[in-house]
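*Asks:* Fold the following.
(2 chains)
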Amino acid sequence: MNEGLLRRGAAAAGQLARRLAQALPVLLVVAVVTFALLHLLPGDPAVMIAGDQANPEVIARIRADLGLDRPLIEQLLRWLYALVQGDFGRSLMLNQSVLSAVVERLPVTFSLAVLSLAITLPIGIVLGASAAYHRGTWLDSLVMGVALLGVSVPSFWIGIVSILIFGAVLHWLPTGGYVPIGMGLRPWLACLVQPAVVLALFQIGFLARLTRSAMLEALQQDYIRTARAKGLGEWLTVARHAFRNTLIPVMTATGIIISLLIGGSVIVEQVFALPGMGRLVVQAIMARDYPLVQGTMLLFGFAFVLINLAIDTLYVLVDPRVRYG
Amino acid sequence: MARAAATLRRLARHTSFRIGFVLILLLALAAGLAPLITAEAPTAMHLRLRFRPPSFAAPFGTDLFGRDLLTRVLYGGRLSLWIGFATAVLSSMIGAVVGILSAQYRRIDAVTMRVMDGLMAFPAILLAIGVSAALGPQTGSVIAALTFSYAPRTARVVRASALVIRELDYVDAARVAGVTDLRLMLRHILPNCMGPLLVQFSFTFAYAILAESALSFIGVGPPPPAPSWGNIIAEGRDYTIEAWWIMLFPGIAISLASLGMNLLGDGLRDLLDPRLRLDG
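*Replies:* Predicted coordinates for the structure are as follows:
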């Protein structure tokens, strides 16, 4: 292993420790915001659980059971104390712990997200980079037009149209549902390819637009002119100098793309009847299962913070100029 | 004034801005002039004319209750565009106030930015579903929920430009001349944040139109029977095979509106704020 890479690895490890320390307060804020959302919004959770017509004694009992009659600050501290011990609470509608409900559904959302990201990254980057390289040509206009459509057409609508065409009319793909990967790669892919592509469309549009502007900027730099002037081949100039520098802003945007991906999966899981996290949280919201809402929202927030942490750390490995204070 | 006029002239020559402007204008006119285009009421039922495919009499077909879909899409545009507009206006106002105050006062900044980070850790659409469900089925809930999700992003953008602007010489000069903080923020910092703010306004508008339809699809959008583009699709969802036209036309309308606002935003960004990146 060469020495430079080793040094960068050590820097990244130090970085990770520092960033982890910085992430802790953000995690706390995420927890407090989750709590505040559910408690400051109008509507009494106990009434929501019991229903509008329930008699006051039932409501009072639910309030006492959930500790909702205590002062807010005490409720918050109790909840945080439980969280630190890994106790995310119990779902009311599933009669199951929030954590185990999430763990059951995680593989579905994870499969969807990974497959979708695997489609998004190469296509979005290649489209954006080639549009920038062929700036002002018909190819540029075509690619940017498609990218713009990607960020403008509602994904759930594309999903419905796609189910109609590929599922109901052509019978090429299932119209919804999920088969675990353990049951075979083909059925797993068959039920995920449609939602993954539908989910990827928006991100591809977003990424292609972003990559194009980053690449345009890189192509205008002096080092590109220098590379050409010294007689470096066109392909090497673009690949080694322009494209590599394009990847840095693209990596920064990966956090945004993952956030879009998680948000989009909530809707897409609904369209394709995939039993994942997104469907769970929507069910929880609809059923007013407030421990489950609180727990799942919190886990979504945590996942986002930790993913960004991982990206920031990778960033240091890729770009030696970056040092966080 | 002369500078504003020059910017307007350059915008009028910008291709994507022009296409976006015309698209939005046409959609707004169609929605605004709905009563002149169609004599039907958007909620008038004709049970003997259920599920009629597009025809000369009903160009977009009819739905489960025999309601004319052209009429519903036209009137639905009023609600959907209103939700997009109101969300964009409220997010811009809240974002501008929070962003500028945070840039000006470090103590406010420490609190607001942590809260914004916390809010932005949740996917915007998930936050909107939760808030809209908690506030109950009203158009106002949808606007509040979407504002809640998008205002933090605007606040970040405004704060970033305000931080740059307050270091400029003329702001220093004004400060030395004894201008009050309030006047400094209103007269010197805010006007210079208008570029990024306008760009963010059009993208928020586009996102809000998409998000309204997604909320309707989940069942926490503006309540029926009053049509919105999103709830027409949601109602047609169970009949996609036998009556594909119910969801086709409002979907196209949503896409055109969102496309129009994205094009406007691209044009504004090119001219007002060439350094701004696509992050939202």
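
*Asks:* In space, what's closest to B:Asp260 - neighbours in sequence excluded?
*Replies:* If you look again at residue B:260, you'll see it is Gly, not Asp. In this structure, B:Gly260 finds its nearest non-sequential neighbour in B:Leu23, 3.4 Å apart by CB to CB, 6 or more residues apart in numbering or on different chains. The way it works is simple: take the backbone N, C-alpha and C, and place the C-beta from them, glycine included.

*Asks:* per-residue confidence at the one you found?
*Replies:* Looking at B:Leu23, its pLDDT is 93.

*Asks:* List, one by one, the residues from the stretch 51-200 of chain A near chain B.
*Replies:* A:148-149, A:151-154, A:156-157, A:160-161, A:163-164, A:168 (CB under 8 Å from any CB of the partner chain).

*Asks:* Just the buried residues out of those, in PyMOL syntax.
*Replies:* In PyMOL, this line selects whichever of these come out buried by 16 or more other CB atoms under 10 Å in any protein chain shown:
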select buried, chain A and resi 148+149+151+152+153+154+156+157+160+161+163+164
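
*Asks:* when you check the residues of the stretch 51-200 of chain A next to chain B against the helices, which ones overlap?
*Replies:* A:148-149, A:151-152, A:156-157, A:160-161 (DSSP state H).

*Asks:* would you list those in a markdown table and tack on pLDDT?
*Replies:* A markdown table is the format used below for these (pLDDT from 0 to 100):
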| residue | pLDDT |
| --- | --- |
| A:Leu148 | 91 |
| A:Leu149 | 91 |
| A:Val151 | 90 |
| A:Ser152 | 92 |
| A:Phe156 | 89 |
| A:Trp157 | 91 |
| A:Ile160 | 89 |
| A:Val161 | 89 |
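
*Asks:* one step back: what would the residues of the stretch 51-200 of chain A next to chain B look like in TSV with distance to B:Ser161?
*Replies:* Output for those, formatted as TSV (distance: CB to CB, whole Å):
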residue	distance to B:Ser161
A:Leu148	25
A:Leu149	30
A:Val151	23
A:Ser152	26
A:Val153	30
A:Pro154	30
A:Phe156	34
A:Trp157	34
A:Ile160	39
A:Val161	40
A:Ile163	43
A:Leu164	45
A:Ala168	49
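
*Asks:* Just give me the closest of the residues of the stretch 51-200 of chain A next to chain B to A:Gly278.
*Replies:* A:Phe156 (11.6 Å; CB to CB).

*Asks:* Which neighbouring residues are in contact with B:Ile232, exactly?
*Replies:* Counting by CB atoms under 8 Å, 6 or more residues apart in numbering or on different chains, B:Ile232 makes contact with B:63, B:69, B:72-73, B:76, B:246-247, B:250.

*Asks:* again with A:Val33
*Replies:* A:301, B:115, B:118-119, B:121-122.

*Asks:* mind listing what's buried in stretch B:142-162?
*Replies:* For stretch B:142-162, by 16+ other CB under 10 Å, it's B:142-159, B:161-162.

*Asks:* Grab the nearest non-local neighbour of A:Leu37.
*Replies:* Using CB to CB, 6+ apart, the closest residue to A:Leu37 is B:Gly130 (6.6 Å).

*Asks:* just checking, the one you found touches A:Tyr290?
*Replies:* No. In this structure, B:Gly130 is not within contact of A:Tyr290 by CB atoms under 8 Å, at 10.4 Å.

*Asks:* In a helix, B:Arg52, correct?
*Replies:* No. The assignment for B:Arg52 (DSSP: H, G, I helix; E, B strand; the rest coil) gives coil, which keeps it out of a helix.

*Asks:* That one: what's it in contact with?
*Replies:* Going by CB under 8 Å, 6+ apart, the list of residues near B:Arg52 reads B:58, B:61-62, B:66.

*Asks:* Pick out whichever of these sits closest to chain A.
*Replies:* B:Gly61 (15.4 Å; CB to the nearest CB).

*Asks:* Please work out how many residues are found near that closest one.
*Replies:* Neighbour count of B:Gly61, defined by other CB atoms under 10 Å in any protein chain shown: 22.

*Asks:* Tell me who's in contact with the nearest residue to it once chain neighbours are set aside.
*Replies:* Nearest residue to B:Gly61 in three dimensions, chain neighbours excluded: B:Trp245, at 4.0 Å (CB to CB, 6+ apart). Residues near B:Trp245 by CB under 8 Å, 6+ apart: B:53-54, B:60-61, B:69.

*Asks:* Let me have those residues in JSON lines, extended by pLDDT.
*Replies:* Shown next, in JSON lines, are those (pLDDT from 0 to 100):
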{"residue": "B:Pro53", "pLDDT": "84"}
{"residue": "B:Pro54", "pLDDT": "85"}
{"residue": "B:Phe60", "pLDDT": "85"}
{"residue": "B:Gly61", "pLDDT": "82"}
{"residue": "B:Leu69", "pLDDT": "86"}
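
*Asks:* check contacts around the residue in the stretch 151-300 of chain A positioned nearest to chain B.
*Replies:* Across the stretch 151-300 of chain A, no residue is closer to chain B than A:Gly263, which sits at 3.0 Å (CB to the nearest CB). Neighbouring residues of A:Gly263 by CB under 8 Å, 6+ apart: B:123-126.

*Asks:* measure it to A:Val281 for me?
*Replies:* 11 Å (CB to CB, to the nearest Å).

*Asks:* Could you pull out the residues contacting both of those two?
*Replies:* B:Leu126.

*Asks:* Count residues in the vicinity of the residue lying closest to B:Ser92 once chain neighbours are set aside, would you?
*Replies:* Nearest non-adjacent residue to B:Ser92, counting by CB to CB, 6+ apart: B:Phe201, 5.0 Å away. A count of nearby residues for B:Phe201, using other CB under 10 Å, gives 22.

*Asks:* gap between the host helix or strand of B:Phe201 and the chain center?
*Replies:* Secondary structure from DSSP states H and E places B:Phe201 in helix B:190-218. When C-alpha coordinates are averaged (CA atoms, centre = their mean, to the nearest Å), helix B:190-218 and its chain have centres 4 Å apart.

*Asks:* Can you get me the centre-to-centre distance for the helix or strand following it and its chain?
*Replies:* Of the helices and strands lying after helix B:190-218 in sequence (DSSP H and E), the nearest is helix B:229-236. Taking the mean C-alpha point of helix B:229-236 and that of its whole chain, the gap between them comes to 18 Å (CA atoms, centre = their mean).
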